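S.K.: please work out how this folds:
(chains A and B)
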Amino acid sequence: MIKDQIQAIITAAVNKISTRSTVHIQSPDNPQFGDYTTNIAMRLAKELKKNPLQMAEEIAKQIPKDEIIEKVEVVKPGFINFWLTKETLSKNLIQILSNINNYGKSETTRGKKIIVEYSSPNIAKPFTIGHLRSTIIGDAIANLLEAAGWTVFRDNHLGDWGTQFGKQIYAIKTWGNIGKIEKMQQPVKELVRLYVKFHKEAEKNPEIEEQGKIWFKKLEDGNEEARILWQKCIDWSWKEFNEIYDKLQVTFTENDGKGYGESFFEDKMDFIIKELQNKKLLTKSKGAQIIAFPKDKYPPLMILKDDGATLYSTRDLATDKFRLTNSHYSADVLIINEVGAEQSLYFQQLFEAEKMLGWVKDNQRVHVKHGMYRFKDKKMSTRKGNVIWLEEVLEEAKKRAESLSKQHQTDATVSQSYHDNANIIGIGALKWNDLKRSANMDILFDWDEILNMQGNAGPYMQYTYVRCRSVISKSNFSPKNKLPRIDYQAEELELMRMLEKYPSIVESAAVNMAPNLLCNYLFTLAQQYNLFYQKHPILKADQDTKNFRLALTTAVAQVIKNGLYLLGIQTVEKM
RNA sequence: GCCCUUGUAGCUUAACGGAUAGAGUAAUGGCUUCCGGAGCCAUUGGUAAGGGUUCAAUUCCCUUCAAGGGCACCA
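M.R.: Residues are numbered from 1 along each chain as shown, chains lettered A, B, ... in the order given. Predicted structure coming up:
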């Protein structure tokens, strides 16, 4: 990509003077400072004890004439700013038109393997707005990494094992009616009701809590009744999950698209315990088996309960062992978990344990954290039955998208296509809202907030795309491999400069695992296009100008569509 | 008690140690001959407080205050 070329040119120039510092280039926010800028002179000036401005001048002199650089400028404290030639921007536009999918891919990450684990809902628990974050963000990150050249494995670490099932089984046996649940439209709702009841009753009577543990032990020991009930819970849950993933258009690649749930590792844990014992990492404490960390870096991590039953940590270790040793992946595969920030400490413990085991190197395990949805007053909690079901949110999303169309509909066809697309637009609004901010921020649960349809919102992006398409469809424009030479308007030039940044934005969103970087970019691009659109006629312009503006519009549309696709957001052709 | 995260306009938020802190929303006032008003333009308004490091701090360090999360038999 062009950014790499600029970087190479400047690095070569700087190396003639000193090789002590690596050159970083960035795109300044303010266009008056050029397309790219570097602060290398100021950093070198310090090391070489020279005047930064002089240093900058010296470096600038070393920069050879190049066909992609129009102008080099040295500014105040010691910035060196670069402008691209119009030919470069124009050629770049043609590249976008010819093949957006391979446009500007980086070679540095090509083929590197990475496992992205996301969504990971729990069986027999509600698929809430909370799980939505992991699903949406994880999916977007996986897409971004793929676009940046990685080989991505998409895994869903289903919570289909654990003490909760002991509780669930006890609850179904005590207060539930299997035949009745079987016939229900939404069996999971009933399972959750029973789960909530369990916790209520357990507060009054601690004996019940014990029963939960006993039944999980039975399940682990292969008790037939326990196994049957457990399997039923899984089947009931999958019915619901499939519907949701379908609506959200989210998919997984591992284990035939179902992901490796915790129960897959049920028979792979003994091996882990043995390895831990052999490496003398297990300590007995209050009857349980724990990993203690040197110098109490972290609190101890429990591996086995006092009754010998496993915990999530045991299963997670088995999961990662599988990933690191299975030939499907590779020993240096990067593993990232998109999981809520409240599990930060746990993941630090887990990663530390894996390092102590000698399994992974630094930075091979990554926890991508996201903040939680919060109510103003109370906390969301499955145990207390205090949740927002995702289905409810998806329904509301659709309703809001529809009602907006009623307010503004101009004719019957627009309205009709709008209703057809209400789902896509509603879900787009929901996804965009989740992706547009840094993931680690908490989101206050508020319908108007999460289903925002105006301004910096999903529909704004989709609308801009639709309008681009509409303009194009009213002409018989088809992309050519040469653009007419015209005098660019300021808004046009700015759009061309922005378009050129797209590949490096995708790369940095991928590397930083931060889809919000792409959202920021796409929104600014759409704003810039809308500004241009209001100011300059396209179809009424003279032939050359019209062709150029149509090419520009097509490129913007391609980038928006491609960008939204990477975010997991669909576009529509009419709305 | 200890640990982690977060404090930016009324509200929701952006900013890779860099240049004049950028948006959305709400409020007010404008803009529909044209390609689509889910839009565009303008105005008002901001880095929690106090120190420090740096040529340069919203960003790094320290203190205080505030919010959220976590700290072994849940995940």
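S.K.: OK, contacts around A:Trp150?
M.R.: A:Thr109, A:Gly111, A:Lys112, A:Lys113, A:Ile114, A:Ala510 (CB atoms under 8 Å, 6 or more residues apart in numbering). In short, each C-beta sits where N, CA and C put it, glycine included.
S.K.: is the helix or strand harbouring A:Thr283 in proximity to RNA strand B?
M.R.: In the assignment (DSSP states H and E), A:Thr283 maps to strand A:282-285. Yes: residues of strand A:282-285 are located near RNA strand B by CB under 7 Å from any atom of the strand, namely A:Ser285.
S.K.: and that strand, average pLDDT?
M.R.: Averaged over strand A:282-285, pLDDT sits at 95.
S.K.: show me what that strand is in contact with.
M.R.: Under CB under 8 Å, 6+ apart, the answer for strand A:282-285 is A:Ile273, A:Leu276, A:Gln289, A:Ile290, A:Ile291, A:Ala292, A:Pro300, A:Ile303.
S.K.: what strands line up against it, and which way round?
M.R.: strand A:288-291 (antiparallel) (DSSP bridges).
S.K.: picking that back up, show me which of the contacts of A:Trp150 are buried.
M.R.: Buried residues within those, counting neighbours by 16 or more other CB atoms under 10 Å: A:Thr109, A:Lys112, A:Lys113, A:Ile114, A:Ala510.
S.K.: tell me how many other residues surround the nearest residue to the first one once chain neighbours are set aside.
M.R.: Distances taken as CB to CB, 6 or more residues apart in numbering place A:Gly149 nearest to A:Thr109, at 4.4 Å, with adjacent residues excluded. Neighbouring residues of A:Gly149 were enumerated by other CB atoms under 10 Å; the total is 17.
S.K.: how far away is whichever residue of the stretch 451-575 of chain A sits closest to RNA strand B from A:Leu517?
M.R.: Closest contact between the stretch 451-575 of chain A and RNA strand B, by CB to the nearest atom of the strand, is at A:Gly455 (2.0 Å). Going from A:Gly455 to A:Leu517 by CB to CB, to the nearest Å gives 19 Å.
S.K.: same check on A:Ile303?
M.R.: Taking CB to CB, one finds A:Ile303 at 38 Å from A:Leu517.
S.K.: A:Thr128 now?
M.R.: In terms of CB to CB, A:Thr128 sits 27 Å off from A:Leu517.
S.K.: what residues are up against A:Ile336?
M.R.: A:Ile336 neighbours (CB under 8 Å, 6+ apart): A:Ile114, A:Ile115, A:Val116, A:Glu117, A:Ile141, A:Arg365, A:Val366, A:His367, A:Val368, A:Met513.
S.K.: buried among these? Need that as a selection in PyMOL.
M.R.: In PyMOL, this line selects whichever of those come out buried by 16+ other CB under 10 Å:
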select buried, chain A and resi 114+115+116+117+141+365+366+367+368+513
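S.K.: which of the contacts of A:Ile336 are close to RNA strand B?
M.R.: The subset of these within reach of RNA strand B, by CB under 7 Å from any atom of the strand, is empty.
S.K.: circling back to that earlier point, A:Gly455 and A:Leu517 - which one has more neighbours?
M.R.: The neighbour count for A:Gly455 versus A:Leu517, taken as other CB under 10 Å, is higher for A:Leu517 (20 against 8).
S.K.: now that one: closest residue in space, sequence neighbours ignored.
M.R.: A:Ala509 (4.2 Å).
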